[in-house]
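Chemist: Requesting a structural model of the entry that follows:
(one chain, ligands or ions: 1)
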Amino acid sequence: MKELQRMPRTVFVNGEYLPEDQGKVSIFDRGFLFADGVYEVSAVVNARLVDYPAHMERLGRSLSELRMEWPCTRAELDTMHQEMIHRNDLTEGIIYMQVTRGSADRTFNFPKVPVKPTLIAFTQAMSLVDNPNAVTGVKVVTTPDLRWARRDIKTVMLLAPVLGKQAAYEQGAQEGWMVEDGFVTEGTSSNAYIVKDGKVITRGLSNEILAGCTRRALFRLAREEGVEIVERKFTVEEAYAADEAFLTSASQFVMPIVEIDGKRIGGGQPGPVVRKLRALFLQEAGA
Ligand code: PDD
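Modeler: Residues are numbered from 1 along each chain as shown. Below you'll find the predicted structure:
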């Protein structure tokens, strides 16, 4: 993806807007020491946030599942997102935000004396709407799902996805589809879908996958459009034999997949169902 942003960016650290080279957190931060933190990635199109309320709802859930404090009020977070767009002149790209349990002497249990959560954010300019990958479709490879049992919480503990995505890149693919017991769970940083006989098939929500905000929007758009979505697990073999395949995420939106493990899907071209769903998503995002 093309880097559109001029440097340096303005980043946000614990209430302050700073030049990016001055944004620093403590070496005792529990996010750094234990991955004891959660995050959200929200897309920006035409300087406006996409699916933002859903991201904030999921943030609240992630925090509460880990018994972490909100770092500030929801209104302050809203202002921070708007300021980040404004101060970085961001028309298209993403805002990354992260909350950790804060910094304290290293003990596995929560700090005995309450500490303030750490809140940071930064922007990345990207071509999301006219992403050339959406025209050609992307390749994915399957990779074992090495993650923990609470994948429904959006934590910064991302080593398994890092290794999965790297394995995919080294095989010439753009995404890894993680596999457990022969079934696809999700992408390393996206939700996974196949299309068979006009129906979209994707795994149902549970602790085994992240409840994607883009997934949620897609369900609504598909329902309005009369496209049926079946929530169930699918195997790697079913994926090879699918008519179409695609992924969703805040940074990819609805992205066609044309190859899985070197096997062409749908003749190697983005199919009609995914093209329609991407177009609907872009329209709703204000592209
Ligand atoms: N990742 N599943 C996983 C494991 C993810 O990391 C993501 C998002 C998704 C899709 O969720 P959403 O539609 O809310 O973006 C599913 C973000 C984009 C990231 O880590 O960069």
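Chemist: What pLDDT is listed against the closest residue to C213 other than its chain neighbours?
Modeler: Leaving aside its sequence neighbours, C213 sits nearest to A54 (Cβ to Cβ, 6 or more residues apart in numbering; 4.0 Å). Placement of C-beta: from N, CA and C, glycine included. A54 carries a pLDDT value of 98.
Chemist: for R6, same thing?
Modeler: For R6, the pLDDT comes out at 61.
Chemist: Residue numbers of the stretch 1-150 of the chain in contact with the ligand?
Modeler: Residues of the stretch 1-150 of the chain lying close to the ligand (Cβ under 6 Å from any ligand atom) are V41.
Chemist: How many neighbouring residues does S251 have?
Modeler: 19 (other Cβ atoms under 10 Å).
Chemist: Give me the secondary structure label for the residue nearest to it when sequence neighbours are not counted.
Modeler: Spatial nearest neighbour of S251, excluding adjacent residues (Cβ to Cβ, 6+ apart): I94 at 5.4 Å. Following DSSP: H, G, I helix; E, B strand; the rest coil, the label given to I94 is strand.
Chemist: so I94 makes contact with A43?
Modeler: Yes. Using Cβ atoms under 8 Å, I94 is in contact with A43, at 5.7 Å.
Chemist: between the two, what contacts are shared?
Modeler: Residues touching both I94 and A43 (Cβ atoms under 8 Å, 6 or more residues apart in numbering): 128, 250-251.
Chemist: how about those residues in a markdown table, adding pLDDT, distance to L77 and secondary structure?
Modeler: Putting these into a markdown table (pLDDT from 0 to 100; distance: Cβ to Cβ, whole Å; DSSP: H, G, I helix; E, B strand; the rest coil) gives the following:
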| residue | pLDDT | distance to L77 | secondary structure |
| --- | --- | --- | --- |
| L128 | 98 | 22 | coil |
| A250 | 98 | 16 | coil |
| S251 | 98 | 20 | coil |
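Chemist: re earlier: between I94 and A43, which is the more surrounded one?
Modeler: Taking other Cβ under 10 Å, I94 and A43 do not tie; A43 has more neighbours (25 against 21).
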